[in-house]
Structures are given as structure tokens and as C-alpha cells.
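Asks: What shape does this take:
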Amino acid sequence: MASVAPPAARRAAEATGGAPAVLPAPVQRALQGSGLPLRSFGVHVQPVDGPGLTASLNAESPYVLASTAKVVTALAALELLGPQYRWRTHAFLEGPLVLGRLQGHLVIAGGGNARLSSAELLGWMQRMRAQGLHTIAGDILVDRSAFHLSEDDHRHTPVPGDDRPHHVWPDAMSIDQGQLHVLVQPARGARADVRTVPPLAGVTLVNQVAMQGGGCGAFTQWRTTPAGERQLVVQGRSAPGCSAQQILLVPPPDLRHTVNAVAGLWRMAGGVLEGRVREVDLTAGNTRRARLPLPGREGEPVLPFSTHVSEPLPVLVREMNKTSNNLAARHLMLSLSRGFPLRPASIDGARQSLQAWLARQGLAPDDLALDNGSGLSREERGKPRALVQLLIHGWKSRESRTFVESLPVAGVDGTLQHRLTQGAATGRAFLKTGTLRDTRALAGYVRGASGRVYAVALLVNHPEAARATPALDAVVEWLAKQG
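Replies: This is a model prediction of the structure:
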């Protein structure tokens, strides 16, 4: 495709301090049609199979990446960890197991699995029961030391809450992605059927959802009684014709969500716990600076009694990119930390591994900067040219197929299911979206009508960035038609 550099576009790019623009007339019209200044746009489009520049504007200026940062995290993880990588949650016996009774503690060492669900955890506990464990005379000790994080590590990301349930922070023993699901279903009695997933020990569920006419809907409220009892009150109305309702909550920090969920699930699995569930840190007082393997009385490594193994890495990468799962991205980046999971992962360690990998791809230190790998942080910035350079590497990578197939497909699935639904780009553009209040972005690949594939980075930083969405889609559609 021939490139055109209109004098007006070239002057506009030079005025913003960027490299000279290469803007075909249709691209320039689309961007100008947004009503936003051209300096708000970072654009770079290049064929993946050879030289040639198709479109470029402010390509050497750093832009907030939003969730297009996930393409960097994904490709780095696929190459550094490998497609067979899995996360492991181990259970260790501290004491002899005699006739189904553990005379000591059960240690559960979280391994950073972002997709560990309460259903999977329940199934794993049932398998432990089948292995002969019925009663725990001591405690269940939950270790979350696989991630060593501080409040300061979250300073650039939103505080999670019920209005932002998908912004939960990483947790090496995350269950149901740190969320609590309240399920409300119509029932035959005076009250609707109300339950939580996961079930929570130590929390009383107060069902005040009446089976009466006059509307369908429920809401929740946390309460603490004068006696210190924690309650989750569910109020509202339901009726036989009402649909089931699901309320998504982020449990309060003091609720000890993981501890209560483990206790509730062990009881649901049919196990008996004579002690309680409490948290421990396997690295505390450990001069080896390692959390695993667990040492025995004579210093010998203790083998796990049972291990839950996650699905392989490509499953997480696909979910992360298709649905823009922030927790998956943050767990994935932490997993890049050197020595993980035998040694605790830190965000600094993960950044070091990522920057070293980017350098091996020929990128300069200021080309791409990731904070936590999800795009939630405005500290995650990149140059459009650098992002395209990495995408071209990804297209040629040994993990190319897995990587490309993880991206949303225009008009088909993921975050692009309802965009670009009727046109040349439908089914032929594979793009990660990015959305923050002041950012809109697309990064990935577009297959043109000629069959040639282009790597694309389209970034917009402006207080009214949402106005640029039609312009970005128009550029993708033009490329699919004319490329």
C-alpha cells in the first residue's frame, strides 16, 4: 500500500515534537473528524512481513497504554514461561495421618493461580478426602507468601470496591478472583433462595428477600452485631416469575475472605476441622529466602500430600486478552519475577524480568514501561512505534498462533464482539482494546483485502478520548479494505 504524507499532517506532527507523520488521506480525515487535536493520537501501522510504513503519527511519543499493555504482558509470559506453564497450589501434612485423622496441621500454599474457583477448590478438597484425609486435629494454615506486595505497589491503581469488582488486587491464594457472588433465586416458600459463592464460614447470611409481588430485585448490606458477629444481609423482593439474580461483591478487607472461604469449602467437602483456619507466612524467619520446598524436621524437603494444578498458560492468556481481565494480567506479570514460585514474587522483580526481555527484543528502556501489566495504571506507557515493533516480533514468535488467537476478533468475540460488526474488518482484525477515562486504544493485527497482515497501534490520550472511538474503528476498517 502506498503511503501518503500530506503537508498539513506533517506540519501537525512536527508541531507536537513527534516524528514526521505518514498519514494517508482517509486516516487523516478520520482522526480530524473526531474533533480532538492530532497531538492526542499516537498511530503506527506497519506490515508484519517486510519493510514499509503504512501510517504513523506521534509514533515516538509515549502514550498511556490502558489495557493494550496486556499484549506486552501476554507475549512476554508466553516466551519466558512457555505454553505448558501451570500454577500449582500445594497441600502439606504437618503430622502423621492415622485412620483418616491428621494429627497436626494442613498447610495450603497458594501458588498465584488467578483462575482458582471455589468449585475447583471444593473438588480438590474432595480429592484429598478420597486420599484418606477426613479429620484435621490441628488447623488449616493458608500461606499467601508467593506474592510479596505492599500498599505502595498498588498506588497507581484504583481501590477495589463493589462498584469496581474487577479491580481487585493480586493475591497468591485468590479464590473466585477475590469476589463474592450472592445468588438470589425464586423459591416456593416465604423467602427466596439466597446463597453465596464461595460459602463463608464465620459470616451469617441473613435472608430478607420476600417472595411477594411488587418487583424483582435484591441488595446487600454488611453488618456487625454488638456481639461482634459478622452478617451479610440480603434484602429485597422476588416472585415466581422473577429471573435469578447475581450480586457481585468485593468483601471488606477485614472479612478474611480466603480464610472464611477455605473453612466453608472444607466443611462442604465433608471434612472435619477440630482447629481453625488461619494465615501463615512460609517465608517468615526463613534464612534461605525461599518458601518452597517445605523443610521437614531434619531439613529434608517435604513432598506435597496433594497438588491442585491450573490449566496451562494459554488458557489464562486467552481469558486475559478476550475479556481484559485485570487480575489475570497482574498475576501473570508477577509470575515473571525471578525465582517464582519457589521464591516470593515482587513487582520490582517482575519489572526487571520484563525489561530484560524487552531489551532482548531490541527495545530501549523508554520505549515501553509497564507498572503491573494490566493497563490499570497510568504509569504504563509506550510509544506506538515500539508497540508495533513488539507486535511484529510476536507475529514471528514461536508462540505466534497462541498469542494472536488470544486477541479479541472484530465483530466476533471478546471486547470487540459489538464493534466493527459489519464491514471489511469483521473477522479479520485481531485487536486488544484499551479503555480508561482519558484513554482509548487498539493494538494488534489487521488482515487487509490483499491478504497482507499489518501490525497496528492506535492510542488516544485526551480527557474526551471516548469521542475518538469511531475514528479508531474507521482506521481499522480502511486498513482492512485497502491493505
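Asks: mind listing what the nearest residue to Asn321 once chain neighbours are set aside touches?
Replies: In this structure, Asn321 finds its nearest non-sequential neighbour in Ser406, 4.3 Å apart by CB to CB, 6 or more residues apart in numbering. (C-beta placed from N, C-alpha, C; glycine too.) Counting by CB atoms under 8 Å, 6 or more residues apart in numbering, Ser406 touches Ala74, Pro314, Val317, Arg318, Met320, Asn321, Lys322.
Asks: cool, and Leu102?
Replies: Leu93, Gly95, Pro96, Leu133, Thr135, Ile136, Ala137, Gly138.
Asks: Bridging across strands, which residues link to the first one?
Replies: When assigned by DSSP bridges, Leu93 has beta-bridge partners Leu106.
Asks: Check the gap between it and Asn260 for me.
Replies: 23 Å (CB to CB, to the nearest Å).
Asks: Leaving out sequence neighbours, find the closest residue to Ser400.
Replies: The nearest residue in space to Ser400 (CB to CB, 6+ apart) is Gly394, at 6.3 Å.
Asks: what about that neighbour, how many neighbours?
Replies: Counted with other CB atoms under 10 Å, the neighbours of Gly394 add up to 25.
Asks: returning to what we had before: pLDDT at the residue nearest to Asn321, what is it?
Replies: pLDDT, Ser406: 98.
Asks: For Gly50, see how far away it is.
Replies: 25 Å.
Asks: Same question for Leu183.
Replies: For Leu183, the distance to Gly50 (CB to CB) stands at 54 Å.
Asks: Pick out whichever of those two has more residues nearby.
Replies: Taking other CB under 10 Å, Leu183 and Gly50 do not tie; Leu183 has more neighbours (16 against 7).
Asks: So which residues of the stretch 1-150 of the chain form helices?
Replies: Taking DSSP state H, counting those that start in this stretch, the helices of the stretch 1-150 of the chain run over residues 7-15, 25-33, 69-80, 118-130.
Asks: what's the closest of the ones you listed to Ser353?
Replies: Closest to Ser353 of the helices of the stretch 1-150 of the chain, according to CB to CB: helix 69-80, at 6.8 Å.
Asks: and the closest one, how far out from the chain's middle?
Replies: 12 Å (CA atoms, centre = their mean, to the nearest Å).
Asks: And for stretch 87-99?
Replies: Remark: stretch 87-99 is offset 30 Å from the chain centroid, using CA atoms, centre = their mean.
Asks: same deal with stretch 439-452?
Replies: From the chain centre to the centre of stretch 439-452 is a distance of 23 Å (CA atoms, centre = their mean).
Asks: sec struct for Val159, please.
Replies: What DSSP: H, G, I helix; E, B strand; the rest coil gives for Val159 is coil.
Asks: So for it, what's the pLDDT?
Replies: You'll see Val159 listed with a pLDDT of 84.
Asks: Same question for Asp153.
Replies: 88.
Asks: Which residue is the nearest non-sequential neighbour of it?
Replies: That would be Ile347: by CB to CB, 6+ apart, it lies 4.8 Å from Asp153.
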